[in-house]
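*Asks:* structure of the sequence below:
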Amino acid sequence: MKRLAILLLLVIITTAPFAKTNPSTTKSNGTFGLGVIVGEPTGLTAKAWLDNIHAVDFGLAWSLNEKQSFHLRVDYLWHFRDVFPDKNATLYVGVGGRLRVIENQDTKLGVTIPLGFNYEIPRSPVELFVEAVPIVDLTPSSEFDMNGGVGVRFYFGR
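*Replies:* Modelled structure (predicted):
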């Protein structure tokens, strides 16, 4: 079962960038952003837009709770631009993976399903976001976990 889930995740991540999409008027197309996320865990974030709807999100963060750990996360995101009248506000959902290295314990590998909201500030290279990320760890044992936070990214190329 674990191998099937990992295989499915790899197929989605490697084939999704080739999906056809409808054009939009968003300013995100083809840009790359760097920023910070504050929550559980807290750290650095990056987002690369593939087109007007799809993006790849990266996280490099540290958890400072009772189990201090390092997190590396990569997610493929789908943005829904027709939910709000303001096209700068979008909801998104995604799928990806997380590697969590816990001090003095086994490393965990899990599947992530980020759910969030982002707002691109008009006439600005800044994006604000908030997200919740359910996680199903597959190794060394199956466990449910939850991450989330608020953040800001600065975009280059806008």
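
*Asks:* show me the shaky parts of the chain.
*Replies:* Segments of the chain classed as low confidence (criterion: pLDDT under 70) are 1-30, 158.

*Asks:* can you give me the strands in it?
*Replies:* For the chain, applying DSSP state E gives strands covering 32-40, 42-49, 54-63, 69-80, 89-102, 108-112, 115-120, 126-139, 143-156.

*Asks:* surely residue 138 touches residue 109?
*Replies:* Yes: the criterion here is CB atoms under 8 Å, and residue 138 meets it with residue 109 at 5.7 Å. (Each C-beta comes from the backbone N, C-alpha and C, glycine too.)

*Asks:* which one's more surrounded, these two?
*Replies:* Ranked by neighbour count (other CB atoms under 10 Å), residue 138 and residue 109 place residue 138 first, with 19 against 16.

*Asks:* restrict stretch 66-84 to CA atoms and write it as CSV.
*Replies:* Provided in CSV are the C-alpha atoms of stretch 66-84 (Å, rounded to 0.1, in the frame of the first residue of the first chain):
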residue,chain,number,x,y,z
GLU,A,66,8.6,19.1,21.7
LYS,A,67,9.9,17.1,18.7
GLN,A,68,12.3,19.5,17.1
SER,A,69,12.5,18.7,13.4
PHE,A,70,13.5,19.8,9.9
HIS,A,71,10.8,19.7,7.2
LEU,A,72,11.3,19.7,3.4
ARG,A,73,8.1,19.9,1.4
VAL,A,74,7.2,20.1,-2.3
ASP,A,75,3.6,20.5,-3.5
TYR,A,76,1.9,20.8,-6.9
LEU,A,77,-0.9,23.4,-6.6
TRP,A,78,-4.2,24.1,-8.5
HIS,A,79,-5.6,27.6,-8.1
PHE,A,80,-9.3,28.4,-8.4
ARG,A,81,-9.6,32.0,-9.6
ASP,A,82,-13.4,32.1,-10.1
VAL,A,83,-14.3,31.8,-6.5
PHE,A,84,-14.0,35.5,-5.6
